[in-house]
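Predicted model and sequence follow; I will ask about them next.
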Amino acid sequence: MTVRVGKPAPEFQTRAYAQGEIKSVALADYKGKWVLLYFYPGDFTFV
Amino acid sequence: MLAISVDSPFTHKVWQEGELSKMIAGGLPYPMLSDPGGRIGEAYGVYDEDNGVDIRGRFLIDPDGVLQAMEVLAPAVGRNVAEMIRQIRACQYVRENKGEATPAGWEPGKKTLKPGDELVGKVCEIWAPEMAF
């Protein structure tokens, strides 16, 4: 499956750190809102 | 806004408390997601299996869950936040104003285009390349 503009974004659910707590986050939690999802190579990287 | 890397939630916590909170008071005000094994990165086409990391990809998803914009950069190249915000505003504008399109370099308040029979071949009458900057 490829990601393509105009097609549904792949769903996911995973664990996250958010404001002091560890919780589960899914893309579906944000239905009805705009989402900016950004990947980065790793914590403590430099750019 | 959701950040995501292959690091565990505990590593996110340590980075947030040890370094990020020194750049932004209180740390990042949005969740930092964990992508163990790059499963989610794989689905988005940004998992680099040779290095075991998710490369610098950014995806804008609308309220219906449909992808509207994406960008992928080399690991050593940082993003342009102003351009990211401009794209969000442009995507929101065209969603709310059906039938209109935002030309290159559009910013809120600037002229939009209405693609159709009347405009075909006449963009040059109302838009000039200087307007892209």
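Cool, got the structure.

what helices or strands is the helix or strand hosting B:Phe59 leaning on?
Using DSSP states H and E, B:Phe59 maps to strand B:56-61. Judged by 3 or more C-beta pairs under 8 Å, 6 or more residues apart in numbering or on different chains; DSSP states H and E, the packing partners of strand B:56-61 are strand A:35-39, strand B:67-73, helix B:81-96. C-betas here are computed from N, CA, C, even on glycine.

export the ones you listed to TSV and tack on mean pLDDT?
Shown next, in TSV, are the helices and strands packed on strand B:56-61 (pLDDT from 0 to 100):
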stretch	mean pLDDT
strand A:35-39	98
strand B:67-73	97
helix B:81-96	96
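
how about the residues of chain A near chain B?
By C-beta under 8 Å from any C-beta of the partner chain, the residues of chain A that approach chain B are A:1-12, A:14-19, A:22-23, A:25, A:27-28, A:30-45, A:47.

Buried only: go through those for me.
Neighbour counting over these (16 or more other C-beta atoms under 10 Å in any protein chain shown) leaves A:3, A:9-10, A:12, A:14-18, A:25, A:27, A:35-43 as the buried ones.

Tell me how far B:Arg39 lies from B:Lys22.
31 Å (C-beta to C-beta, to the nearest Å).

higher neighbour count, those two?
Set side by side, B:Arg39 and B:Lys22 show more neighbours around B:Arg39, with 12 against 9, by other C-beta atoms under 10 Å in any protein chain shown.

Could you find the closest non-adjacent residue to B:Ala115?
Rather than Ala, residue B:115 is Pro. Closest residue to B:Pro115 apart from its sequence neighbours, by C-beta to C-beta, 6 or more residues apart in numbering or on different chains: B:Ala101 at 5.5 Å.

my guess is the one you found contacts B:Lys111, does it?
No: using C-beta atoms under 8 Å, B:Ala101 is not in contact with B:Lys111, being 10.8 Å away.

Between those two, which is the more surrounded one?
Neighbour totals were compared for B:Ala101 and B:Lys111, and B:Ala101 leads with 14 against 10 (other C-beta under 10 Å).

what sits opposite the more buried one in the beta ladder?
Bridge pairing for B:Ala101 (DSSP bridges) gives the partners B:Leu113.

And it, what's its pLDDT?
Predicted confidence (pLDDT) at B:Ala101: the value is 95.

which residues does it contact?
B:Val94, B:Thr112, B:Leu113, B:Lys114, B:Pro115 (C-beta atoms under 8 Å, 6 or more residues apart in numbering or on different chains).
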